[in-house]
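>>> Curious how this folds, go ahead:
(2 chains)
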Amino acid sequence: MKENIKIPYFPGCTLKTKAKNFEVSAIEASKMIGIELTEIPKWNCCGVVSSLSTDDLMKHIAPVRNLIRVQEMNDSGQANGNRLLTLCSMCFNSMKRTNQRVKNKPEDMKSINDFMYLEKDYLGGVEVIHYFELLDEEILGRIKEKSVKSLKDLKIAPYYGCMLLRPKDIGIDNPEEPSVMENLISSLGGKPVKWDAKSRCCGSYHTVNNKDIVINLAKGIIENARKSGADTIITSCPLCAFNLDNRQKEIIKKDHGFRTMPVFYFSQLMAVAFGLKEEFIGLDGNYIDPKPLLKEKKLI
Amino acid sequence: MPKKITLNDKGIEFLKKIQELSGETITLCDQCGTCSGGCPFVEDMDITPSQIMRKTMLGQTDVMDSKTMWICASCYTCTVRCPRMLDVSKVSEALRQVKLRQAIDKINIDDITPEDANELPSIAVVSAFRKFTG
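Here you go, the predicted model:
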């Protein structure tokens, strides 16, 4: 058996505010399977919505600063392995992209290091990973072992969205046919649903000033899950979660016949399966009340 | 006789600018339409992603008046499917940057309803302001 994993962890803004239930369930469920997430000190914005233009280096400074924190933890012996883990898909994508850019372009690395002259130089040694990348056979085995409440009656639609899969050199799985979330669901004893919309965009930040786009996309995604037999959708992105869960309030306003569907963070279902206390599952943070579904399936 | 399309100076300058900002060789686009076919936002756009590519490669600066580049949310569906390995999301970003760098913002904080301001997660607000302001 492998040893327990202790890994530096970057929470990001939303896990400390609107998605506290994501953080608490992930931290507590991880403890059950020998994964300890150590929050990195003095972290800042992940640099979300990666700047895609060739010259906009300013927008890559914030993520590099977080990578320096991990480098320091490794240098001082507080961590080893030079990895940084995220739970949020968007944080994962933007920090991995910046990391890749400065590693491939030494002149960009130099400009950013020169700009942040009060920090130690970033040397490019850190690897940014998403939580799902820890789910090897060993960890999936532990998940199976710790799942005391069977999710066998729960049909779960794994929603990847964009940021875990695309672009190809950043994504953690096959962008057209991913399977990492299905493996997690099966290890928890649940039934992964086969569906078409699992990597369709939820509309992202348009939810701020172009809500109708998000309402239409979210409705299509939820209806596709329903049609495919799902009871619920799971995600690892707090923006997808908001668009798929909270925006159902707006969908109902436009379509009175719309049937709502609870949306979970994947870690909440881990916490349910592991039989953790309600405060570690954080069901009150979900907009569409998931309790009736969990009661019906005799899970709470 | 094959027809030859010649760009005027303004068109050449525009194409050069967008290629430089995006890092993409837009003239490699074959106009196969895969990007437009898979784009989840295409019904909200006035012209399709492949039309953006075509207009830009022809130096047609009126592409800047289209709303397509603002609707593109960088979901990278086209990016992973382009048979020419082009990244249309980078072209959209370059087009947006041309406007944003003239200090023309595409979001107004007053347009957010008090209800939304209260409920929106920080990740949404940060993302929108980073995409829609210069």
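>>> Could I get the pLDDT score of the most centrally placed residue in chain B?
The centroid of chain B falls nearest to B:S92 when counting by CA atoms, centre = their mean (1.8 Å). We note a pLDDT of 98 for B:S92 in this prediction.
>>> what's the nearest residue to it if we skip its chain neighbours?
In space, and not counting its chain neighbours, B:S92 is closest to B:C72: 4.0 Å by CB to CB, 6 or more residues apart in numbering or on different chains. Any C-beta I mention is one placed from the backbone N, CA and C, and that applies to glycine too.
>>> what sits against the residue lying closest to A:S204 once chain neighbours are set aside?
Counting by CB to CB, 6+ apart, B:A73 is the residue found nearest to A:S204 once chain neighbours are left out, at 4.4 Å. Residues counted as contacts of B:A73 (CB atoms under 8 Å, 6 or more residues apart in numbering or on different chains) are A:201, A:203-206, B:41.
>>> please redo it, this time with the cut-off set to 10 Å
Taking CB atoms under 10 Å, 6 or more residues apart in numbering or on different chains as the definition of contact, the neighbours of B:A73 are A:49, A:162, A:201-206, A:210, A:213-214, A:217, B:40-41, B:89, B:92, B:127-128, B:131.
>>> likewise A:L293?
Applying CB under 10 Å, 6+ apart, one finds that A:L293 lies in contact with A:154, A:231-232, A:261-262, A:264, A:299-300.
>>> about what we covered before: sec struct for the residue nearest to the centre of chain B, please.
B:S92 carries the three-state label helix when classified by DSSP: H, G, I helix; E, B strand; the rest coil.
>>> give me every residue that touches it.
Contacts here follow CB under 10 Å, 6+ apart; on that basis B:S92 touches A:52, B:22, B:49, B:52, B:68-74, B:78.
>>> wait, the residue nearest to B:S92 sits on B:D87?
No - in this structure, B:C72 is not within contact of B:D87 by CB atoms under 10 Å, at 11.3 Å.
>>> Could you look up the SS state of the residue nearest to A:S204?
Classification of B:A73 using three-state DSSP returns coil.
>>> Likewise for the one 5 residues further on?
Following three-state DSSP, we place B:C78 in the helix state.
>>> which helices and strands does the helix or strand hosting A:S267 pack with?
Element membership of A:S267 [criterion: DSSP states H and E] is helix A:266-273. Secondary-structure packing of helix A:266-273 (3 or more CB pairs under 10 Å, 6 or more residues apart in numbering or on different chains; DSSP states H and E): helix A:20-32, helix A:137-146, strand A:155-158, helix A:180-187, strand A:232-235, strand A:263-265, helix A:278-281, helix A:291-296.
>>> rerun that using 8 Å as the cut-off
On a contact count with 3 or more CB pairs under 8 Å, 6 or more residues apart in numbering or on different chains; DSSP states H and E, helix A:266-273 meets helix A:20-32, helix A:137-146, helix A:180-187, strand A:232-235, helix A:278-281.
>>> count of neighbours near A:P167?
A count of neighbours around A:P167, defined by other CB atoms under 10 Å in any protein chain shown, yields 18.
>>> roughly how far apart are it and B:C75?
10 Å (CB to CB, to the nearest Å).
>>> just to revisit the earlier point, out of the contacts of B:S92, give me the one that has the most neighbours.
Of all the contacts of B:S92, the most densely surrounded is B:P49 (28 neighbours; neighbours counted as other CB under 10 Å).
>>> Which residue comes closest to it once chain neighbours are left out?
B:C35 (4.2 Å).
>>> That neighbour and B:P83 touch, don't they?
No - with contact taken as CB atoms under 8 Å, B:C35 and B:P83 are classed as non-touching, separated by 10.0 Å.
>>> neighbour-wise, which of these two wins?
Neighbour comparison, B:C35 and B:P83: the larger count goes to B:C35, with 28 against 8 (by other CB under 10 Å).
>>> domains of chain B?
In the assignment given by automatic domain parsing, the structural domains of chain B cover B:9-102, B:107-134.
>>> and the last one, does that touch chain A?
Yes - contact of domain B:107-134 with chain A (CB under 8 Å from any CB of the partner chain) involves B:107-108, B:111-112, B:116, B:119-128, B:130-132.
>>> what does chain B put close to chain A?
Within chain B, the residues that sit near chain A (CB under 8 Å from any CB) are B:20-23, B:40-41, B:44, B:71, B:73-77, B:79-80, B:87, B:89-90, B:93-94, B:97, B:107-108, B:111-112, B:116, B:119-128, B:130-132.
>>> at 6 Å instead, please
Selection of chain B residues close to chain A by CB under 6 Å from any CB of the partner chain yields B:21, B:23, B:40, B:44, B:73, B:75-76, B:79-80, B:90, B:93-94, B:97, B:107, B:111, B:121-128, B:130-131.
>>> For PyMOL, what selects the buried ones among these?
Provided next is the PyMOL selection string for whichever of the residues of chain B next to chain A are buried by 16 or more other CB atoms under 10 Å in any protein chain shown:
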select buried, chain B and resi 21+40+44+73+75+76+79+80+90+93+94+97+107+121+122+123+124+125+126+127+128+130+131
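>>> Distance from the chain centre to stretch A:125-138, please.
12 Å (CA atoms, centre = their mean, to the nearest Å).
>>> Give me the contact list for that stretch.
By CB atoms under 6 Å, 6 or more residues apart in numbering or on different chains, the surrounding residues in contact with stretch A:125-138 are A:2, A:67, A:70-71, A:82-87, A:92, A:95-96, A:99, A:172, A:180, A:184.
>>> List only those of these flagged as buried.
Buried residues within the contacts of stretch A:125-138, counting neighbours by 16+ other CB under 10 Å: A:67, A:70-71, A:82-87, A:92, A:95-96, A:99, A:172, A:180, A:184.
>>> Take those residues and keep only those in helices.
Assigned to helices by DSSP state H, the following of those qualify: A:67, A:70-71, A:92, A:95-96, A:99, A:180, A:184.
>>> Centre-most residue in chain A?
With distances taken as CA atoms, centre = their mean, A:S236 lies nearest the centre of chain A, 2.9 Å away.
>>> I'd say that one and A:C91 touch.
No - contact status for A:S236 versus A:C91: not in contact, 10.4 Å apart, counting by CB atoms under 6 Å.
>>> For stretch A:90-98, C-alpha coordinates in PDB please.
Presented in PDB, the C-alpha positions along stretch A:90-98 are these (Å, rounded to 0.1, in the frame of the first residue of the first chain):
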ATOM      1  CA  MET A  90     -10.900  27.000 -13.600                       C
ATOM      2  CA  CYS A  91      -8.100  27.500 -11.200                       C
ATOM      3  CA  PHE A  92      -6.500  24.300 -12.500                       C
ATOM      4  CA  ASN A  93      -6.800  25.500 -16.200                       C
ATOM      5  CA  SER A  94      -5.500  29.000 -15.700                       C
ATOM      6  CA  MET A  95      -2.600  28.100 -13.500                       C
ATOM      7  CA  LYS A  96      -1.500  25.100 -15.600                       C
ATOM      8  CA  ARG A  97      -1.700  27.300 -18.700                       C
ATOM      9  CA  THR A  98       0.500  30.000 -17.300                       C
END
